[in-house]
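**Student:** Give the three-dimensional model of this entry:
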Amino acid sequence: MKKTLLTAITLSLGLSASTMGFATPQGAITPLPDDLSKTRPIELCAVYAEHNEADQKRIFDRLDSLNLLSHKDYDLVKEKRIETGSTMCGMYMGLGKPLDEQGMQIRPMVYKVVHIYPDQYVVTQSGVVMEIHERIESQLPPTLHQPMPDVVPPPLPPRTR
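**Tutor:** Coordinates of the predicted model:
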C-alpha cells in the first residue's frame, strides 16, 4: 500500500514538473499559425496588440473578412481607444487582454460581461461595448445584477361574444 502511494506521488510530481516547462511565459508573444482560419477569431482579436505590423495586417484582414469589426473599430483600433458601440473584438485589439472578466447570462442568448482594465471598466453585452467606466480606487465596479423591471401585462383583446 505504501509503495503504491509513493509511486503515485512520484509519478504525479514528475508529470507536473515536466508540464511546467511547456507553459508559455507571461509576456511572451503567442505564435501565429500560417493559416489563420484554424484559429478562433476571438483569440486573434486578443493577441492582435502583441504582434508586429505585418502580423497585425494578417490578423486584421482575417477579422475584417469575417465582419467582426464595426465601422468605429477601423479608426479606434489605430488610436488604441474604444467607444460605446465598439465590438468586443475591437476592444481586445485596441486595449489588449483585460486583467479580468466577469460575466453572466441575463436573458436567453444575451450575455453581459464586465472587463477589468488597469484604468477602466468596460461593460459589453452580446459582444458590443455598452458602457465605459473610469476605474477609481475605493469605488466598486459596475454590477452584473440588474433589478427586474416592472412589466405591464399584455393587452387583452376585447371580447366579441
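**Student:** Counting by contacts, list what the helix or strand hosting V122 packs against.
**Tutor:** Taking DSSP states H and E as the definition, one finds V122 inside strand 120-125. Packed against strand 120-125 by the contact rule (3 or more C-beta pairs under 8 Å, 6 or more residues apart in numbering; DSSP states H and E) you find helix 88-95, strand 110-116, strand 128-134. Bear in mind the C-beta positions are built from the backbone N, C-alpha and C, glycine included.
**Student:** Quick one: residues in contact with it.
**Tutor:** For strand 120-125, the external contacting residues (C-beta atoms under 8 Å, 6 or more residues apart in numbering) are 82, 88, 91, 95, 98, 106, 110-115, 129-135, 141-142.
**Student:** Just the buried residues from those, in ChimeraX please.
**Tutor:** One line in ChimeraX is enough to select the buried members of the contacts of strand 120-125, burial here meaning 16 or more other C-beta atoms under 10 Å:
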select :82,88,91,95,98,112,113,114,115,129,132
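**Student:** What residues sit buried inside stretch 65-78?
**Tutor:** Within stretch 65-78, the residues that count as buried by 16+ other C-beta under 10 Å are 68-70, 72-73, 76-77.
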